[in-house]
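Enquirer: Fold the following and give me the result.
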Amino acid sequence: MSQVVNKQIQRAPSTSKLFDDRSLEKDYATLITLLKPNMQVLDIGCGTGAISKGIAKMVQPQGHVTAIDNTEHFIISGKETYGDVENLELLHTDLFEFKTHKKFDLITAARTLQWLNNPEQALAKMKSLLKPGGWLSVLDYDHNAIEWQPEPPVSMQVFYAAFLKWRKDAGMNNRVAEDAAGYFKGVGIQNIEVHNAEETYKKGEENFINKISIWSKVAQSTQMVDEGYITNHDRLQAIEDYDNWIATDAEQMVMKLKETRGYI
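Expert: Residues are numbered from 1 along each chain as shown. Next up is the predicted model:
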């Protein structure tokens, strides 16, 4: 991990397969309008490569996707799962350590800037890897604007407030989705577009329980306890109360997500 990438909630290797639930169509659908046959694409912060695989399919027959992530067990898992995708290369490397003579038609970063403490520097590196006329697309959250219906238990609200403070103290921007266009301008990306991609999960939908349970999964980590942001008692209480709320009262969760794109 480079000096400009902050810590994030630690995940065990066994969680890698959770990323395989993602797909281009479900989790980065706004990008599809940019994808053309034969594109050379760099996908940054690819996780296991589930979305990268979808991009690779869209840029056939001569297109290629280079997908990078700085978490080694994600890349190992992705190679096991998507090793048969001939035009997809998965690499374990950090963006700021990634070296190539190649230039790309499109660079993507989904849910990645949220973990960086200086996204403008990251975007400047991405811009340096684009061909003239190449596109940059970033998809990310405004964590401050999450909506639950009805409100979740107070214990989870306490945990979520601690999560936001933990992120802020580490230099991460909790509203990066709102600020991304300004970052683009700062590094000279032109013709900027912002597309709403918010995620709405409603009770009764097939993926409702899995998606709304994300905060129980985040709370499984003891990292914020170890760093003094919440007590272990309060963390465990948040998990218990939130899981009970999901089973009884939860109706909807909306996570505010936007795609910002532009070209040089």
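
Enquirer: I'd like the average pLDDT over the helix or strand residue 137 falls within.
Expert: Assigned by DSSP states H and E, residue 137 belongs to strand 130-141. What strand 130-141 shows for mean pLDDT is 98.

Enquirer: Can you give the strand pairings for it, parallel or anti for each?
Expert: strand 104-110 (parallel), strand 257-263 (antiparallel) (DSSP bridges).

Enquirer: right, so those strands: which one is the most enclosed?
Expert: strand 104-110 (a mean of 24; mean count of other C-beta atoms under 10 Å). Placement of C-beta: from N, CA and C, glycine included.

Enquirer: Any stretches of the stretch 1-150 of the chain with poor pLDDT?
Expert: 1-18 (pLDDT under 70).

Enquirer: which residues in it form strands?
Expert: Secondary structure of the stretch 1-150 of the chain (DSSP state E, counting those that start in this stretch): strands at 40-44, 64-69, 88-92, 104-110, 130-141, 147-149.

Enquirer: Kindly report the same for the stretch 151-264 of the chain.
Expert: Counting by DSSP E, counting those that start in this stretch, the strands of the stretch 151-264 of the chain are 190-196, 199-202, 252-255, 257-263.

Enquirer: rewinding a little: pull the CA atoms of the strand holding residue 137 into CSV?
Expert: In CSV, the C-alpha atoms belonging to strand 130-141 read as follows (Å, rounded to 0.1, in the frame of the first residue of the first chain):
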residue,chain,number,x,y,z
LEU,A,130,-4.8,7.9,-20.5
LYS,A,131,-4.4,8.2,-24.3
PRO,A,132,-5.3,11.7,-25.8
GLY,A,133,-9.1,11.7,-25.8
GLY,A,134,-9.2,8.9,-23.2
TRP,A,135,-12.0,8.7,-20.6
LEU,A,136,-11.8,8.6,-16.9
SER,A,137,-14.8,7.2,-14.9
VAL,A,138,-15.0,7.1,-11.1
LEU,A,139,-17.9,5.6,-9.2
ASP,A,140,-18.2,6.3,-5.5
TYR,A,141,-20.3,7.1,-2.4
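
Enquirer: which residues touch that strand?
Expert: With C-beta atoms under 8 Å, 6 or more residues apart in numbering as the contact definition, strand 130-141 has outside contacts at 28, 30-31, 34, 40, 103-114, 123, 126-127, 176-177, 180, 184, 189, 197, 255-264.

Enquirer: One more: stretch 184-198?
Expert: Under C-beta under 8 Å, 6+ apart, the answer for stretch 184-198 is 28-30, 120, 123-124, 127, 136, 138-139, 180-181, 254-264.

Enquirer: redo that, cut-off 6 Å
Expert: Stretch 184-198 is contacted from outside by 30, 120, 123-124, 127, 136, 181, 254, 256-263, using C-beta atoms under 6 Å, 6 or more residues apart in numbering.

Enquirer: what's the offset of it from the middle of its chain?
Expert: Mean-position distance between stretch 184-198 and its chain equals 17 Å (C-alpha atoms, centre = their mean, to the nearest Å).

Enquirer: mind starting the numbering at 4 from now?
Expert: Okay, using 4 as the starting number, the last item reads as stretch 187-201.

Enquirer: Output it as PDB - backbone C-alpha positions only.
Expert: In PDB, the C-alpha atoms belonging to stretch 187-201 read as follows (Å, rounded to 0.1, in the frame of the first residue of the first chain):
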ATOM      1  CA  PHE A 187     -11.500  16.200 -11.900                       C
ATOM      2  CA  LYS A 188     -11.400  19.900 -12.600                       C
ATOM      3  CA  GLY A 189      -8.300  20.200 -10.300                       C
ATOM      4  CA  VAL A 190      -6.300  17.800 -12.400                       C
ATOM      5  CA  GLY A 191      -7.500  19.100 -15.800                       C
ATOM      6  CA  ILE A 192     -10.100  16.600 -16.800                       C
ATOM      7  CA  GLN A 193     -12.500  18.200 -19.200                       C
ATOM      8  CA  ASN A 194     -16.200  17.800 -20.300                       C
ATOM      9  CA  ILE A 195     -17.200  16.400 -16.900                       C
ATOM     10  CA  GLU A 196     -20.500  14.600 -16.500                       C
ATOM     11  CA  VAL A 197     -22.000  13.300 -13.200                       C
ATOM     12  CA  HIS A 198     -24.500  10.400 -13.400                       C
ATOM     13  CA  ASN A 199     -26.700   9.300 -10.500                       C
ATOM     14  CA  ALA A 200     -26.200   5.700  -9.600                       C
ATOM     15  CA  GLU A 201     -27.700   5.500  -6.100                       C
END
